[in-house]
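J.: sequence first, then the predicted structure, then my questions.
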Amino acid sequence: MSAVAAERRTYLVLGFATTHQALDAERVLLECGVTAKLIPAPIELGGALCGIALRVPAEKSEEAENCLSRASLPAEATVRMEDY
């Protein structure tokens, strides 16, 4: 039996001050063609943010940040994370 190594994927996780902002940001990113997934806010974002965050593929991070900036919805905090 051979073990297959899982490939690590890197994501940008975006945290927002309010749940409303996170939901608006998800809508804006989807309209910009950026895949975004709502996730529980990881502790690495800090405790002063709402309980949900958005996860986008690392290769789309610059596009996501630019899109949110144009919509006046910049993230309060960001962190790069790896997943399997």
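T.: Sure, I can see it.
J.: so what's the residue count around the spatially closest residue to residue 9 that is not a sequence neighbour?
T.: Take residue 9 and drop its neighbours on the chain: the residue closest to it by CB to CB, 6 or more residues apart in numbering is residue 83, 5.2 Å away. In short, each C-beta sits where N, CA and C put it, glycine included. Counted with other CB atoms under 10 Å, residues neighbouring residue 83 total 11.
J.: state the distance from residue 83 to residue 55.
T.: Between residue 83 and residue 55 the distance, using CB to CB, to the nearest Å, works out to 8 Å.
J.: so what sits against both of the two?
T.: residue 11 (CB atoms under 8 Å, 6 or more residues apart in numbering).
J.: tell me which other helices or strands the longest helix seen in the chain touches.
T.: What stands out as the longest helix in the chain, according to DSSP state H, is helix 19-31. The helices and strands touching helix 19-31, judged by 3 or more CB pairs under 8 Å, 6 or more residues apart in numbering; DSSP states H and E, are strand 37-40, strand 52-57, helix 61-70.
J.: would you tell me which one of these is buried the most?
T.: With neighbours taken as mean count of other CB atoms under 10 Å, these reach their highest mean count in strand 52-57, at a mean of 21.
J.: which elements pack onto that one?
T.: Contacts defined by 3+ CB pairs under 8 Å, 6+ apart place strand 52-57 against strand 9-15, helix 19-31, strand 37-40.
J.: partner strands of the last one, with direction?
T.: According to DSSP bridges, strand 37-40 forms sheet pairs with strand 52-57 (antiparallel).
J.: need the contact partners of the helix or strand of the chain with the lowest mean pLDDT.
T.: Lowest on mean pLDDT, DSSP states H and E among the helices and strands of the chain sits strand 77-83, with a mean of 90. Residues from elsewhere that reach strand 77-83 (CB under 8 Å, 6+ apart): 8-15, 42, 44-46, 49, 55, 58, 61, 65.
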